[in-house]
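*Asks:* just a sequence and a predicted model for now, questions to come.
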Amino acid sequence: MAKAIWNGKVVAESERFEEVEGNIYFPPDALKSEFFADSDHSSTCPWKGTAGYYSLTVDGKTNPNAAWIYRDPKPAAASIKNHVAFWRGVEVVR
């Protein structure tokens, strides 16, 4: 079981996940969607492709661009397509 926790709330939780480069990637059905909002931010990884981002809002506090997702990854990263990973103070525990 893996959990992502921010501002005292579990924002994602799943027994199924992928681990890539030390990051836990949660499948789409693991996300507690009420905490997520699309962001305009993006970044590019040479072998994974372009990542989109989500901001998290929990109890009135927002953590901008705290989660990222590869919606159309390069073939080498196909296993994390539409999975979400976290940073910026989000605690991920297993």
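*Replies:* Sure, I can see it.

*Asks:* so where do the strands sit in this protein?
*Replies:* Secondary structure of the chain by DSSP state E: the strands cover 2-6, 9-14, 18-20, 23-25, 36-45, 49-58, 61-69, 84-86, 91-93.

*Asks:* want to throw these into TSV with mean neighbour count?
*Replies:* No exception for glycine: its C-beta is placed from N, CA and C like everyone else's. What follows is those, written out as TSV (neighbours: other C-beta atoms under 10 Å):
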stretch	mean neighbour count
strand 2-6	20
strand 9-14	20
strand 18-20	15
strand 23-25	21
strand 36-45	12
strand 49-58	19
strand 61-69	18
strand 84-86	24
strand 91-93	13
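
*Asks:* now for these, which one comes closest to Pro75?
*Replies:* strand 49-58 (9.3 Å; C-beta to C-beta).

*Asks:* can you add distance to Ala77 and give the strands of the chain back as TSV?
*Replies:* Below are those laid out as TSV (distance: least, C-beta to C-beta, whole Å):
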stretch	distance to Ala77
strand 2-6	19
strand 9-14	19
strand 18-20	7
strand 23-25	10
strand 36-45	8
strand 49-58	7
strand 61-69	11
strand 84-86	11
strand 91-93	19
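
*Asks:* reformat those as CSV; add mean pLDDT.
*Replies:* Shown next, in CSV, are these (pLDDT from 0 to 100):
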stretch, mean pLDDT
strand 2-6, 98
strand 9-14, 98
strand 18-20, 97
strand 23-25, 98
strand 36-45, 98
strand 49-58, 98
strand 61-69, 98
strand 84-86, 98
strand 91-93, 98
